[in-house]
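**Student:** no sequence for this one, just the structure:
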């Protein structure tokens, strides 16, 4: 941030990287594990490649990423690493077949592009990062380019847990311990799952030694007292040292909006049209779900094109040129925004632009290239704004207005309705009862022997996994509902069986061992975070 003295304000790009914990050693193939494999190939490894190139070219950059404990655990898991390796090899084999099939067609150069992409991913995965992508992100953290922050342990939606404050505390403290294992330090900030905030959660953030979190726009704008700088400077939460940063609507809309956002441009690759659904079953069968369910392969040959069903072939050069134009447009708009804001503020403004990381590369194929162009343009083509992390800004402006932020989330409607619907509200009576029992057990057994500790730690894991906001979200959106219901019920049943064994003073070590091997997240967990 050499340009602090000359710039008029700061842009803070925040990528929220999260997936629910999906790992099924009990079967050779599980459809839902593909969420992780696709995100690795289309988002996480391409982002690491972009960061590598920026560093090699001497381009300074500052980006904030939340890497959730569930995602880090999957990245570092040996079984999932082995399965992802097979997935990459399968993809490369399929793409080599596609080179032959598309010979002398308009799709041949696109097939070549995919072969190059998948081969790059395999090289990065195997040879550069030793099969563990967390090492890649840690590398850029240690170099000072990336600020990695944490999230609640299993992305539990905290406002719906506030009836049991110790359950909220356990989500946050467990996340901090997990972060320390992966990244060797304390997290500077936290992404509250779904930006879900309720007054009081900052006390647990403060207790964990975390310096800041993010809020949806109205969480800041409806704060008490009203923040004099709106969302363009952080506020300090009352009675804590914790800062809250608000999301900027303008910068979000240009990337997120289905109507106005960049990803819907006709030149970009279409997300939905995939050869897994288009090609003959005899040809594609070895590369999709073994039971014959057609699934995405990540090989897509068409561009968005327009509103109709007819799709034109994707042109990579055209997509890249469009990404460069959109990066320039985004930068220009932020410059104008900062020029206007800086004329009215007694400090330099910060524009906070948070996005789901999976948007970059997965949903929006050209997203990583857009990010690459934006960073380079900000570095070399202007001097109005500079990139900054929230920690950078708090070092420059450690003193901020004290406010009480308002209850809020970035879900549809802005509050809790996504996670509290007729289709998913049934889960909470079970979760609250489990939380109460976990807290009672943690207080009742402060000094257990090794066997009891194993049982109590696994109870804590099962509770945390049941609390994941992803299951309620999936039930609301109507996709993969059976899986979300199954996972919720399984973790509830596992917890209740362990609790019943504890009440009857019996230990089923075969069952405990089975759960420890299947739901093996948080090896460092200490159930006493609930006490």
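**Tutor:** That came through fine. Just so you know, these numbers come straight off a predicted model, no measurement behind them.
**Student:** Any regions of this structure where pLDDT drops low?
**Tutor:** Under the criterion pLDDT under 70, the flagged ranges of the chain are 1-5, 258.
**Student:** domain ranges for it?
**Tutor:** By the record's domain assignment, the chain is partitioned as 9-403, 421-530 (automatic domain parsing).
**Student:** Give me the distance between the first one and the centre of its chain.
**Tutor:** In other words, domain 9-403. Domain 9-403 sits 6 Å away from the centroid of its parent chain (Cα atoms, centre = their mean, to the nearest Å).
**Student:** how long is it from one end to the other?
**Tutor:** The first residue of domain 9-403 is 22 Å away from its last residue (Cα to Cα, to the nearest Å).
**Student:** Over to the last one?
**Tutor:** When the termini of domain 421-530 are compared using Cα to Cα, they are 27 Å apart.
**Student:** Centre of the chain to it, how far?
**Tutor:** Using Cα atoms, centre = their mean, the distance from the centre of domain 421-530 to the centre of the chain it belongs to is 23 Å.
**Student:** Now do the SS call for residue 214.
**Tutor:** Reducing the assignment at residue 214 to three states with DSSP: H, G, I helix; E, B strand; the rest coil gives strand.
**Student:** Next SSE downstream of the longest strand seen in the chain?
**Tutor:** Longest strand of the chain, by residue count under DSSP state E: strand 9-17. Elements were assigned by DSSP states H and E; along the chain past strand 9-17, the next helix or strand is helix 34-39.
**Student:** Would you enumerate the residues in contact with residue 115?
**Tutor:** Contact partners of residue 115, counting by Cβ atoms under 8 Å, 6 or more residues apart in numbering, are 92, 95, 96, 99. Glycine gets a C-beta too; all of them are placed from N, C-alpha and C.
**Student:** Now for those: which two are most distant?
**Tutor:** When Cβ to Cβ is used, the two most widely separated members of these are 92 and 99, lying 10.7 Å apart.
**Student:** who's more crowded, the two?
**Tutor:** Taking other Cβ atoms under 10 Å, residue 92 and residue 99 do not tie; residue 92 has more neighbours (17 against 14).
**Student:** ok, that one - contacts?
**Tutor:** In this structure, residue 92 makes contact with 115, 118, 119, 122, judged by Cβ under 8 Å, 6+ apart.
**Student:** go on, residue 526?
**Tutor:** Under the criterion of Cβ under 8 Å, 6+ apart, the contact partners of residue 526 comprise 177, 457.
**Student:** Swap in 10 Å and give it another go.
**Tutor:** Applying Cβ atoms under 10 Å, 6 or more residues apart in numbering to residue 526 gives the contacts 170, 173, 174, 177, 442, 453, 456, 457, 460.
**Student:** How about residue 63?
**Tutor:** When contacts are counted by Cβ under 10 Å, 6+ apart, residue 63 is found next to 12-15, 47, 50-51, 54, 140, 145-148, 371, 375, 387-389.
**Student:** Same question for residue 32.
**Tutor:** The neighbours of residue 32, taking Cβ under 10 Å, 6+ apart as the test, are 19, 20, 22, 23, 24, 474, 480, 483, 484, 487.
**Student:** swap in residue 213?
**Tutor:** By Cβ under 10 Å, 6+ apart, the contact list for residue 213 reads 66, 149, 151, 189-192, 195, 197, 201-202, 205, 234, 237, 242-245, 390, 405.
**Student:** quick one: which of the contacts of residue 92 sit in helices?
**Tutor:** With helices defined by DSSP state H, the entries of the contacts of residue 92 inside them are 115, 118, 119, 122.
**Student:** In stretch 252-261, which residues have enough neighbours to count as buried?
**Tutor:** 252, 254, 255, 256, 261 (16 or more other Cβ atoms under 10 Å).
**Student:** Kindly report the same for stretch 424-440.
**Tutor:** In terms of neighbour count (16+ other Cβ under 10 Å), stretch 424-440 has its buried residues at 424, 427, 428, 430, 431, 434, 435, 437, 438, 439.
**Student:** Would you quantify the distance from the fifth one to residue 269?
**Tutor:** Read it as residue 431. 40 Å (Cβ to Cβ, to the nearest Å).
**Student:** now do the fourth one
**Tutor:** When Cβ to Cβ is applied, the distance between residue 430 and residue 269 equals 42 Å.
**Student:** where do the helices sit along the stretch 351-500 of the chain?
**Tutor:** Secondary structure of the stretch 351-500 of the chain by DSSP state H, counting those that start in this stretch: the helices cover 367-380, 390-396, 426-444, 450-466, 469-477, 481-503.
**Student:** let me fix that: the stretch 151-300 of the chain
**Tutor:** Shown for the stretch 151-300 of the chain, the helices assigned by DSSP H, counting those that start in this stretch span residues 165-183, 201-207, 217-221, 249-256, 275-278, 281-284.
**Student:** Could you pull up the contacting residues of the closest residue to residue 376 other than its chain neighbours?
**Tutor:** Counting by Cβ to Cβ, 6 or more residues apart in numbering, residue 59 is the residue found nearest to residue 376 once chain neighbours are left out, at 5.7 Å. Neighbouring residues of residue 59 by Cβ under 10 Å, 6+ apart: 51, 53, 145, 372, 375, 376, 378, 379, 380.
**Student:** Of those, which is the most crowded?
**Tutor:** The most crowded member of these is residue 378, carrying 27 neighbours; neighbours defined as other Cβ under 10 Å.
**Student:** dump the residue contacts of that one.
**Tutor:** 3, 7, 11, 13, 59-62, 327, 330-331, 334-335, 384-387.
**Student:** quick one on the thing from earlier: let me have the buried residues of stretch 424-440 in a markdown table, adding distance to residue 84 as columns.
**Tutor:** As requested, the buried residues of stretch 424-440 are exported to a markdown table (distance: Cβ to Cβ, whole Å):
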| residue | distance to residue 84 |
| --- | --- |
| 424 | 30 |
| 427 | 30 |
| 428 | 34 |
| 430 | 33 |
| 431 | 31 |
| 434 | 32 |
| 435 | 34 |
| 437 | 36 |
| 438 | 33 |
| 439 | 37 |
